[in-house]
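**Q** Okay, here's the prediction I keep looking at, along with the sequence it came from:
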Amino acid sequence: MTSLRFILRYSWLALLLLALPVNAALSIQNPLQLGDAPQYDTAPYSFFLEDPGHRLGIADIAEIALQPSRLERFQPLADGEANWGYSGSVFWLALPLAASPGARSDWLLEVGFSSLDRVELYVPRQGGGFDMQTAGDLQPFAERPFPHRNLVFPVHIPPNTSETLFLRVESQGSMTVPVKLWQHDALHRQDQAGYAVLSLYFGSLLALGLYNLLLYLSTREKVFIAYVAFVAAMAVSQASLCGLGNQFLWPSWPAWGDAAFAAGTAATGFFGALFSRLFLTTKAHFPRIDRLLLLMAAVFAFATLSPAFISYRFAAMLTTIAGFVFATLATCSGFYCMRRGHPGARLFLIAWLLLLAGVVLLALRNFSLIPTNNLTLHGMQIGSALEMLLLSFALADRLNIMRREKELAQEEALAAKQQMVEALRRSEQELEQKVAERTRSIEETNRQLREKEVKLQHMALHDPLTGLANRLLLDETLAKAIARSQRDDSTLALLVIDLDGFKEVNDSLGHAVGDILLQAIAERIRTTVRLTDTAARLGGDEFVVLLENLQETGDTFRVADQLVEQIALPVELPTGTGGVSASMGIAIYPQHAQDAVQLLKAADKAMYVAKAAGRNCWRIAETGATQAAKS
């Protein structure tokens, strides 16, 4: 769409340049004459070249500018304005200058849109080549060539000389490039007025935010904290837009400086939607409007987080469109609620009308549909300041209504209380008796519930047959043990035990006998390890032992020897003496694995190695060390 509009807008100019190549070559030689004026608007004298593929360098641009046959690639700015909306191209600006004999030599070139990602200024160097300066919100503020909230470059133009300056502009956001040339003292005077206005604006936001924060602390009404968050997000958004954020708040954090405007604007919409729901009480009285506001809140929440995983350009476009839609929705909601007699809706409507005007101006300017000037550039700030003030008045009115309602409720409650006193006195004795009976019943019920809760907790975390820890408790204990091991720089070992020959016993003698055998083996495992260690049954004939706070690896092997030896001892069964042996795999943290899952896998793998080695023995993960069971 941008390319088509560009072609339609400049097709007549391209035909004219093709027809008059000599005049085209001379047009860029009509420079901006520098004299004694304090500042110059460079747009009427500037030319631009679009580089959609980001392929051109300063050498290519200089060659194009010096060859009349190729000069038609440079176009004069449409309507004297450098604004190309959300374009993905790189734009080159050529600014021919001619300094009169009495002109100053030192100037400041200001790009008055601080949210541009990267701007490069190329100044011809005596003897050939160019000197380059860079600025933008993708670089730390300290690296800018001139400390200023906007992008400012010192330029030296000796009197009675002619130079052509080149600007390379690249940005994921709105491609707005207002360029002015200032004398130093003139820019300083301009800054005094500009910073004064911005201080008044942000000071107003700070005052309104703190005032309503105090109201929230006093009343605990969510609408006030939603307003405070709304104001804070607006402050972040506007601080990024006007450059104060990059200069004073996050000068060394360019990644946030690049995303702050889109994220702050989206967060403003998110908290604005929540505030609107609470202020207009749409959930209780206007459910359809409430669903629309919730939908917009979800859109803004996505837009706030979207710069982390999608292109900043699309995130900014989404935020701009959503802001326009939401401001329109809030205005319509305020009008509807006002017609339905909602208190405070009139001020709410006026406030959002003012912000809607600012949002419309910002959106149209961002999409290059209206020219860039002081009104369109700062319309959002003007509208937001007036909106915040009116919304604060609306909240104050809401607070007065709340107080009146509270006083009325207190009066009604007092009257009801007086009526109830006599009834309460008459029923006091009966109530006390019922309360005592009920209390005894509740205490008994609570006692039974506590007992059941203890039993249920034990059943949920222990094997019902053996009483050992189950898989759930083992996983929880192992995770905590690894965390302690990392903190204390200690060692732990995990032993996976599989009974050899249990299936034959279970199949030949029956499940009841098999259960008795498992209980006996579980008791031997429990008594062999320390009380601080954990013994668990994973299921079937597979057990796990967790050993913590090991002083040396040999401790693990001694415990493994004891377990293999104890498990191999005969067991008295109802059908006679029987028994099984154990194949055991050992994994040590952090030697064999870095997390619980891998540690268990390593021990399990070592257990299968022990089985393959003849059973009734253990193997340690990876090393292959072995120890036969003692007979």
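**A** Nice, thanks for sending it over.

**Q** what phi and what psi does the backbone show at Ser583?
**A** Torsion angles at Ser583 (phi, psi; degrees, to the nearest 10) stand at phi -110, psi 130.

**Q** In contact with it, which residues?
**A** Taking Cβ atoms under 8 Å, 6 or more residues apart in numbering, we find Ser583 in contact with Ile497, Asp498, Asp500, Met607, Tyr608, Ala610, Lys611, Arg615, Asn616, Cys617, Trp618. From N, CA and C alone the C-beta is placed, and that goes for glycine too.

**Q** again, only this time at 6 Å
**A** Taking Cβ atoms under 6 Å, 6 or more residues apart in numbering, we find Ser583 in contact with Asp498, Asp500, Met607, Ala610, Lys611, Arg615.

**Q** which strand residues sit across from it in the sheet?
**A** Taking DSSP bridges as the rule, Ser583 bridges to Asp498, Cys617.

**Q** Do you know the pLDDT at it?
**A** Looking at Ser583, its pLDDT is 93.

**Q** Ala98 too?
**A** 92.

**Q** count of residues packed around it?
**A** Residues near Ala98, counting by other Cβ atoms under 10 Å, number 19.

**Q** next one: the one 10 residues further on
**A** Taking other Cβ under 10 Å as the criterion, the count of residues near Leu108 is 20.

**Q** What strand or helix carries it?
**A** Counting by DSSP states H and E, the element that carries Leu108 is strand 106-111.

**Q** That strand: partners in the sheet, and parallel or antiparallel?
**A** Here strand 106-111 is paired, per DSSP bridges, with strand 151-156 (antiparallel), strand 179-182 (antiparallel).

**Q** can you pull the alpha-carbon coordinates of the last one into PDB?
**A** This means strand 179-182. The C-alpha coordinates for strand 179-182 follow below in PDB (Å, rounded to 0.1, in the frame of the first residue of the first chain):
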ATOM      1  CA  VAL A 179      14.900  17.900  10.500                       C
ATOM      2  CA  LYS A 180      15.900  21.400  11.600                       C
ATOM      3  CA  LEU A 181      19.200  23.200  11.600                       C
ATOM      4  CA  TRP A 182      19.900  25.400  14.700                       C
END
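
**Q** Name the next helix or strand following it along the chain.
**A** Downstream of strand 179-182 (by DSSP H and E), the next one is helix 184-219.

**Q** Kindly calculate the angle that the helix or strand just after that next one makes with helix 184-219.
**A** Of the helices and strands lying after helix 184-219 in sequence (DSSP H and E), the nearest is helix 222-242. Inter-element angle recorded for helix 222-242 and helix 184-219: 170 degrees (by axes from the mean of the first three to the mean of the last three Cα atoms, to 10 degrees).

**Q** Pull out the CA atoms of helix 222-242 and give them to me as CSV.
**A** Written as CSV, here are the backbone C-alpha positions of helix 222-242 (Å, rounded to 0.1, in the frame of the first residue of the first chain):
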residue,chain,number,x,y,z
LYS,A,222,-9.6,-0.9,42.8
VAL,A,223,-10.7,1.9,40.5
PHE,A,224,-8.1,4.2,42.0
ILE,A,225,-5.2,1.8,41.7
ALA,A,226,-6.3,1.1,38.1
TYR,A,227,-6.2,4.9,37.4
VAL,A,228,-2.7,5.1,39.0
ALA,A,229,-1.4,2.2,36.7
PHE,A,230,-3.1,4.0,33.8
VAL,A,231,-1.2,7.2,34.6
ALA,A,232,2.1,5.4,35.1
ALA,A,233,1.8,3.6,31.8
MET,A,234,0.9,6.8,30.1
ALA,A,235,4.0,8.5,31.6
VAL,A,236,6.3,5.7,30.4
SER,A,237,4.8,5.9,26.9
GLN,A,238,5.1,9.7,26.6
ALA,A,239,8.6,9.8,28.3
SER,A,240,9.7,7.4,25.5
LEU,A,241,8.0,9.4,22.8
CYS,A,242,9.5,12.8,23.8
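
**Q** what packs against it?
**A** helix 184-219, helix 254-280 (3 or more Cβ pairs under 6 Å, 6 or more residues apart in numbering; DSSP states H and E).

**Q** Need the winner for burial among these.
**A** Stretch with highest mean neighbour count among the helices and strands packed on helix 222-242: helix 254-280 (a mean of 24; mean count of other Cβ atoms under 10 Å).

**Q** Let me see the mean pLDDT of that helix.
**A** 85.

**Q** Any idea which helix or strand in the chain has the lowest mean pLDDT?
**A** Lowest by mean pLDDT, DSSP states H and E among the helices and strands of the chain is helix 21-27, with a mean of 34.

**Q** quick revisit: residues of the strand holding Leu108 that come out buried?
**A** Trp107, Leu108, Leu109, Glu110, Val111 (16 or more other Cβ atoms under 10 Å).

**Q** Can I get those in a markdown table including distance to Leu151 and pLDDT?
**A** Shown next, in a markdown table, are those (distance: Cβ to Cβ, whole Å; pLDDT from 0 to 100):
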| residue | distance to Leu151 | pLDDT |
| --- | --- | --- |
| Trp107 | 15 | 94 |
| Leu108 | 11 | 95 |
| Leu109 | 9 | 95 |
| Glu110 | 7 | 95 |
| Val111 | 4 | 94 |
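
**Q** Which one of those residues is nearest to Asp117?
**A** Closest approach between the buried residues of strand 106-111 and Asp117, by Cβ to Cβ: Val111, at 11.8 Å.

**Q** What distance do you get for the spatially closest residue to that closest one that is not a sequence neighbour to Val223?
**A** Nearest non-adjacent residue to Val111, counting by Cβ to Cβ, 6 or more residues apart in numbering: Leu151, 4.1 Å away. Going from Leu151 to Val223 by Cβ to Cβ, to the nearest Å gives 40 Å.

**Q** neighbour count winner among the two?
**A** Shown here are Leu151 and Val223; by other Cβ under 10 Å, Leu151 has more neighbours (30 against 24).

**Q** wait, doesn't that one sit right on Thr134?
**A** No. At 9.2 Å, Leu151 and Thr134 do not qualify as touching, with contact defined as Cβ atoms under 6 Å.

**Q** check contacts around Phe91.
**A** Phe48, Glu50, Val169.

**Q** swap that for Leu34, sorry
**A** Applying Cβ under 6 Å, 6+ apart to Leu34 gives the contacts Leu97, Ala99, Ala103.

**Q** Now Phe314. Nearest residue, chain neighbours left out?
**A** Spatial nearest neighbour of Phe314, excluding adjacent residues (Cβ to Cβ, 6+ apart): Ser306 at 7.5 Å.

**Q** measure that neighbour to Ala315 for me?
**A** Separation of Ser306 from Ala315 (Cβ to Cβ): 4 Å.

**Q** out of these two, which sits in the busier spot?
**A** Taking other Cβ under 10 Å, Ser306 and Ala315 do not tie; Ala315 has more neighbours (25 against 20).

**Q** Contacts only, for that one.
**A** Taking Cβ under 6 Å, 6+ apart, we find Ala315 in contact with Ala262, Ser306, Pro307.
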